[in-house]
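Undergrad: got a structure for you, letters missing:
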């Protein structure tokens, strides 16, 4: 069997690892499904592949606010302010543009590494890079088919529209989201959809069928329920019902409770050996 051809993302990630592990004391771990490089727990770089569907394959690197401002000002198509860590001076560098200057990026990375490496390691020899951590992946064909079915169900509702962002999609009515399509969100390896349900009901619905339903990170506490779309059996009638109920909560807020009992009573329980537990992730400091 021929070896799997490396994707652009794989190739860029491999090159970034080569540079980062050229510095002493570097280790790697996954956070939110993304590889982060650190020295004794202090982060200095990350590989961001389509973060929240932003359409970029990029490096996030520790820098100063002054250096960040200079790079973004001089080359705004190549450099940007990343979310979360950008307020602390980190800078994003696109790796998916033509003619990536890896020498320039290596200098940027070394400067970031120098801010976190202790004196005892500053002049030590770098160790060989360990095998990369295993990152969760999803089946592109399964995700594409699931998005097509979900889009058909959601756009059949009055006033509904869809916005694509990388591998994810948001379905709106009256400019407000009523459904989300997620594909390997934060590296969880799941293709699914999120719908607005009665606040407080999502935990019970997820517990009733933890194979197919889950409480999504961030959205869950605000009354959202996740439904897996990548299992061998998907009840698309139930998915469409969740979409209708979520849509109705925005179009007719006064009728928010109508039909909720049906969601509890009409649940479909397929026989499946596939198990999944939602990941609880913490943003890196």
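TA: Everything's here; your move. The model shown is predicted, which means the values in this text are computed figures rather than measured ones.
Undergrad: where in the stretch 151-285 of the chain is pLDDT low?
TA: 253-285 (pLDDT under 70).
Undergrad: at 90 instead, please
TA: Along the stretch 151-285 of the chain, segments meeting pLDDT under 90 span 164-168, 183-189, 198-200, 217-221, 250-285.
Undergrad: Mind splitting the protein into its structural domains?
TA: Per automatic domain parsing, the structural domains of the chain span 8-122, 140-265.
Undergrad: Those domains: which one's closest to residue 132?
TA: Closest to residue 132 of the domains of the chain, according to Cβ to Cβ: domain 8-122, at 6.4 Å. For the C-beta atoms, the positions are set from N, CA and C on the backbone; glycine is no exception.
Undergrad: what about the closest one, how long is it end to end?
TA: 32 Å (Cα to Cα, to the nearest Å).
Undergrad: Contacts for the host helix or strand of residue 10, please.
TA: Element membership of residue 10, judged by DSSP states H and E, is helix 8-20. With contact meaning Cβ atoms under 8 Å, 6 or more residues apart in numbering, helix 8-20 is reached by 6, 26, 28, 35, 37, 45, 47, 49, 57, 59, 95-96, 100, 102, 105-106, 109, 113, 129, 132.
Undergrad: could you redo the last one with a cut-off of 10 Å?
TA: 4-7, 26-28, 35, 37-38, 44-47, 49-50, 57-59, 61, 94-96, 100, 102-103, 105-106, 108-110, 112-113, 126, 129-130, 132, 135 (Cβ atoms under 10 Å, 6 or more residues apart in numbering).
Undergrad: Drop anything exposed from these.
TA: 26, 28, 35, 37-38, 44-47, 49-50, 57-59, 61, 94-95, 100, 105-106, 108-110, 112-113, 135 (16 or more other Cβ atoms under 10 Å).
Undergrad: Which of those residues fall within helices?
TA: Mapping the buried ones among the contacts of helix 8-20 onto helices (DSSP state H) picks out 105, 106, 108, 109, 110, 112, 113.
Undergrad: could you list every residue that touches the residue lying closest to the fifth one once chain neighbours are set aside?
TA: Counting by Cβ to Cβ, 6 or more residues apart in numbering, residue 110 lies nearest to residue 23, which is 6.6 Å off, once chain neighbours are set aside. For residue 23, the contact set (Cβ under 10 Å, 6+ apart) comprises 37, 39, 44-45, 106, 109-110, 112-114, 116-117, 121-122, 124, 126.
Undergrad: any idea where the helices of the stretch 101-250 of the chain begin and end?
TA: 102-114, 119-122, 140-155, 202-208, 236-251 (DSSP state H, counting those that start in this stretch).
Undergrad: just those helices: most buried one?
TA: helix 236-251 (a mean of 19; mean count of other Cβ atoms under 10 Å).
Undergrad: Next one: residue 193 from residue 228, what distance?
TA: According to Cβ to Cβ, to the nearest Å, residue 193 stands 8 Å off from residue 228.
Undergrad: Perfect, that will be all.
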